[in-house]
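Engineer: Below is the sequence, then the predicted model.
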Amino acid sequence: MWDYAAGSFQLIAGLSPSLDALATRLRLVIERSWEDLGFVDVAMFRIQKIHFALSRLEGSPCPDVFVWVSRTQADTEAALDVLLGALGIGREAVTFRGDIENGFVDLRDGPEA
């Protein structure tokens with residue numbers, strides 16, 4: 001299903017908790033699919049009429065769970081707030097933020113000085 005639906009989503013953020021932990025909180029089913037880089041585990045769902053997907057690429061050196069929202073969602077910041085509220089986690093769980101057009105900002109703490 002993800003290979004069909006992926007084109008209608010935009011990547012907006014990364015989260016530090018595991019995909020399994022996030023899916024458990026929302027009682028989601030994780031589906032295994034395939035994309036160009038290999039197997040991907042994905043959960044797609046809707047909260048307050050906002051379409052979301054959470055994904056994790058198998059074998060990726062990046063441990064983050066990717067947060068996707070529908071391309072029709074104009075206010076991605078508000079959408080992220082809705083998701084974080086539903087998950088019961090704060091902004092400290094967000095590892096990166098942005099979009100493909102403007103780039104992404106790494107929000108993880110850097111090495112201590």
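Structural biologist: Sure thing, it's come through.
Engineer: Pull out the buried residues from stretch 21-33.
Structural biologist: Judged by neighbour count (16 or more other C-beta atoms under 10 Å), stretch 21-33 contains these buried residues: 22-23, 28, 30. C-beta coordinates here come from the backbone N, C-alpha and C atoms, glycine included.
Engineer: Please disregard the earlier target; I meant stretch 44-57.
Structural biologist: Residues of stretch 44-57 classed as buried by neighbour count (16+ other C-beta under 10 Å): 44-45, 50-57.
Engineer: average pLDDT for the lengthiest helix in the chain?
Structural biologist: Taking DSSP state H as the criterion, the chain has its longest helix at helix 76-87. On average, the pLDDT along helix 76-87 is 98.
Engineer: now the strand ranked longest in the chain: mean pLDDT?
Structural biologist: Counting residues, the longest strand found in the chain (DSSP state E) is strand 38-47. Summarised as a single mean, pLDDT over strand 38-47 is 95.
Engineer: Tell me which other helices or strands the helix or strand following it touches.
Structural biologist: As assigned by DSSP states H and E, the chain's next helix or strand after strand 38-47 is strand 50-57. Helices and strands touching strand 50-57, by 3 or more C-beta pairs under 8 Å, 6 or more residues apart in numbering; DSSP states H and E, are helix 2-5, strand 9-15, helix 19-26, strand 38-47, strand 65-70, helix 76-87.
Engineer: For Arg108, grab the count of nearby residues.
Structural biologist: Arg108 sits with 10 neighbouring residues when counted by other C-beta atoms under 10 Å.
Engineer: which stretch of helix or strand covers it?
Structural biologist: Arg108 belongs to no helix or strand when assigned by DSSP H and E.
Engineer: surely it meets Thr95?
Structural biologist: Yes: Arg108 lies in contact with Thr95 (C-beta atoms under 8 Å); the separation is 5.4 Å.
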